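Student: model this:
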Amino acid sequence: MSWADPAHLAPLTVALPLFVAALVVGLHRWLPRWALDGLTLLGAAGAGLMALRLAFAAAHAPVVAWIGGWTPVDGYSVGIVLVADRAGACAAVGAAVLVCASLIYGWRYFDAVEGRYHGLVLLLLAGMEGFALTGDLFDLFVFFELMGAASYALTGLKIEDPPAVQGALSFGVVNSLGAYIGLMGIALLYGRTGTVTLANLGPALGRHPADALTLAACAAVLTAFLVKAAAVPFHFWLADAHAVAPSPVCVLLSGALVPLGLYGAFRVYWTTFSTVLPPGHIRVVFLVLGTVTALVGAVMCPLQRHAKRLLAYSTIAHVGLLLLAAGCLTGIGTAGAAIYVAGHSAVKAALFLIVGTLLNRYGTVDEHDLHGRGRAMRVLPWLAVAGGLALAGLPPFATALGKQFGEEAVGEVGQPWLAAVFVVVSALTGGAVLRLAGRVFFGFGPRPETSVDPEETSGAEEPEAATSTIRVTMLVPIVVLLAVALVLGVLPATGGAAGRLAAAFTDPAGYATWVLHGHAPAGRPDPTTANNVGAGWTIAGILAGGLSTLLALAFAACALWLPAAARRSEPVRAALQGLDGASRLVVGPLRRAHSGHVGDYVAWLISGVAALGTLLGLAAH
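Tutor: Below is the predicted model:
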């Protein structure tokens, strides 16, 4: 193997951020701040470039690297393997891009971080790169924990702020408990099969029936990843963590960490459990999880006046849509999820950076308190509107193209009514962001009361940056991220590329043969080089995107101006009071469930594991 072989880059993609993290932590006392920021950015960019090289190589065939030369003998190995297929390499590239965007936005952002922030960001990147590239289930857990430890510390970076510590504690307890439940599932699988290599697990598990041990292992392992993905009822940590985490960290939580949780869940399903729990049996579990997650997030999102919480619940809602698309367990559904992840991650990252800019300028992210105060921020209002329209599913953003594929997928599996969930959820979350933009940046609607309801959270907090000036380094990442979401939707090749990615991702036999034997399965075409797997825009998709956008605009307009109309018109006031009374039947219990108490969240987690195991058992039989 020559050094020109991209297989050498797979371990370096993980090792480089670790090495630079050690440098910045060890040398921070002697490095000026610009050197600290620059070295960290160079480390993240270097990892991204190596991941990009792997992605280009994976377009032809998966890149397989057996660490230490422990290659398989007769299809079996005890070595550690890194596998850069299309999906894994693209996930690694996406994580590095978001880390770079976060670092550029945060250039000289914090007053005194003493290398801790930079080192933690690079540790998080190393964990994400390893998580995306590993072909070993136990190492998936190891990188999962590295991601977790770094993200908990980053969330509670402002240790002098009690809410930050509380949010980080809830985040850490819930996610760590989920990880340890997943570790128990890994132990069960190892006891049954004698291996933790993903390529070996599926065939080995397929030699046994889908008994109680298999179902328990599946429920446990999926729980770990669904907690990280913030799927209901494992989602309670997410809004609390986002509310207190620094804005550049929120970019990494919503844009990279949550999607990687979904990636892990479906990677393990396809490579490990699809042989004993085929898609026709298990699909209903993912569709139920996706529907509930999407609706809970969509209901909670417009209720928030704390801008970070609003965006966090929007993330939960869109995780539900991703679960619906990928949970169809078909090629087009997986392709739609891939496109949607790319578009949503870019858009949501840009929106969190916009909210961070508001926080630094005004010391609050309370939508009511910010009424009309963002008028003078020039280009930022229009970027916020573009982000809201993208979340609403406006063509030609990539979010709209991914939504179109998802709507086609649910129809393909005989559940066409779920297309309405895509439209409604996109409209509610996009409408909530447009309401926020209209009220804050344009001063639309009457000035709301600024008093905080006991069930709401004030957005008042200390600015994160040393200055309230909007620097070019803060605007560039926002513009670039929104442009990426737009370009991905416009490029004609996006659908086909996502289709080929999906074809390989949903081919466990092909994955195993490539990893263990270094070639495609004999007697059938290699899906990584198949042509015309995906499709582009359709009239139905454009119309559905236009409908959800119009509904989002209507929702935002009603939220902004109906209160004023109610003051002038008795019938309008009576109608709103009746609607409010009816909504409290749903909203009240949901708000009480999101109590902020870590003990309640642990109870929901345990209940969720039991519910997931029950659903799997019913689906398997």
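
Student: Every contact and neighbour count from this point should use C-alpha atoms.
Tutor: Fine.

Student: So what's the gap between stretch 160-177 and the chain middle?
Tutor: Here stretch 160-177 shows a centroid-to-chain-centroid distance of 19 Å under the convention CA atoms, centre = their mean, to the nearest Å.

Student: got it, and stretch 362-382?
Tutor: Using CA atoms, centre = their mean, the offset of stretch 362-382 from its chain centre is 26 Å.

Student: Can you tell me which helices and strands the helix or strand residue 361 falls within packs against?
Tutor: Element membership for residue 361 (DSSP states H and E) is helix 331-362. Helix 331-362 sits against helix 86-105, helix 247-252, helix 307-327, helix 380-392, helix 398-412, helix 472-490, helix 493-505, with contacts defined as 3 or more CA pairs under 8 Å, 6 or more residues apart in numbering; DSSP states H and E.

Student: nearest to residue 601, of the ones you listed?
Tutor: helix 307-327 (15.6 Å; CA to CA).

Student: Convert the C-alpha atoms of that closest one to CSV, please.
Tutor: Coordinates of each C-alpha in helix 307-327 appear next as CSV, following Å, rounded to 0.1, in the frame of the first residue of the first chain:
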residue,chain,number,x,y,z
ALA,A,307,-34.9,32.0,20.2
LYS,A,308,-32.5,29.2,20.9
ARG,A,309,-35.2,27.0,22.3
LEU,A,310,-37.4,27.7,19.3
LEU,A,311,-34.6,26.5,17.0
ALA,A,312,-33.9,23.5,19.2
TYR,A,313,-37.5,22.3,19.0
SER,A,314,-37.4,22.9,15.3
THR,A,315,-34.4,20.5,15.2
ILE,A,316,-36.5,17.9,17.0
ALA,A,317,-39.3,18.3,14.5
HIS,A,318,-37.0,17.9,11.5
VAL,A,319,-35.4,14.9,13.1
GLY,A,320,-38.9,13.4,13.0
LEU,A,321,-39.1,14.1,9.2
LEU,A,322,-35.6,12.5,8.8
LEU,A,323,-36.8,9.5,10.7
LEU,A,324,-39.9,9.3,8.4
ALA,A,325,-37.8,9.5,5.2
ALA,A,326,-34.9,7.1,6.3
GLY,A,327,-37.4,4.9,8.3
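
Student: quick revisit: ranking the helices and strands packed on helix 331-362 by mean neighbour count, which comes first?
Tutor: Of these, the one with the most neighbours on average (mean count of other CA atoms under 10 Å) is helix 307-327, at a mean of 29.

Student: who does that helix touch, helix- and strand-wise?
Tutor: helix 236-244, helix 258-268, helix 279-300, helix 331-362, helix 398-412, helix 418-441.

Student: for it, the distance to its chain's centre please.
Tutor: With CA atoms, centre = their mean, you get 8 Å for helix 307-327.

Student: Tell me what angle it forms with helix 258-268.
Tutor: 20 degrees (axes from the mean of the first three to the mean of the last three CA atoms, to 10 degrees).

Student: Just give the closest residue to residue 40, not the sequence neighbours.
Tutor: residue 118 (6.2 Å; CA to CA, 6 or more residues apart in numbering).

Student: Quick check: the one you found vs residue 125, distance?
Tutor: 11 Å (CA to CA, to the nearest Å).
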